[in-house]
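Undergrad: got a predicted model here, sequence first, then my questions.
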Amino acid sequence: MRLFQLALFCLCVYIQYKLWFGHNGLQDYRRLTETVNKHQEMNAELLKRNKLLKADIEDLKLGLEGVEERARHELGMIKPNETFIRVLPKKQNE
C-alpha cells in the first residue's frame, strides 16, 4: 500500500511540474497571452492609421480642395497674386 501511495504522490508531483513549468504550461500561456495582447494593440494602432489614410484618399479623390490644402501645408505653395505672411511666436526665454 505504501508503494502505491508513493507512486501516486510521484505522479501528482510530475503532473504539477508539467503544468507549471513544462511545454504548454502556465509560463508558456502567460508569455503567449502577453504576445497576443501586444499584437492586438499594434493592430488597433494600424487600423486607426489605415482609417486616416482611407479618409485622405477619399478626400483627394473627391475634389481639388484636399490637394490644394496638402500643397499649402506640406509644400508651402501659394497661389498667384497671393501674399504669404508668416507670424512667428515670441520666444518665452526673453
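TA: Received it, and whenever you're ready, just let me know what you need. Residues are numbered from 1 along each chain as shown.
Undergrad: so where's this structure uncertain?
TA: Along the chain, the model assigns pLDDT under 70 to residues 93-94.
Undergrad: cutoff 80 now
TA: Low-confidence segments of the chain (pLDDT under 80): 22, 59-60, 63-73, 75-77, 79, 83-86, 92-94.
Undergrad: show me the residue at the heart of it, geometrically.
TA: The chain has Met42 as the residue nearest its centroid, 2.2 Å off, counting by C-alpha atoms, centre = their mean.
Undergrad: before we move on, which element is it in?
TA: Per DSSP states H and E, Met42 falls inside helix 26-62.
Undergrad: what packs against that helix?
TA: Counting contacts by 3 or more C-beta pairs under 8 Å, 6 or more residues apart in numbering; DSSP states H and E, helix 26-62 packs against helix 2-21, helix 64-75. C-beta coordinates here come from the backbone N, C-alpha and C atoms, glycine included.
Undergrad: what sits up against the longest one?
TA: What it means is helix 2-21. Contact partners of helix 2-21, identified using C-beta atoms under 8 Å, 6 or more residues apart in numbering, comprise 25-27.
Undergrad: filter these down to just the buried residues.
TA: The neighbour count (16 or more other C-beta atoms under 10 Å) marks nothing among these as buried.
Undergrad: which of these lies closest to Phe84?
TA: Proximity of the contacts of helix 2-21 to Phe84 (C-beta to C-beta) peaks at Gln27, which lies at 62.1 Å.
Undergrad: how about Ile85, secondary structure?
TA: Assigned with DSSP: H, G, I helix; E, B strand; the rest coil, Ile85 falls in the coil class.
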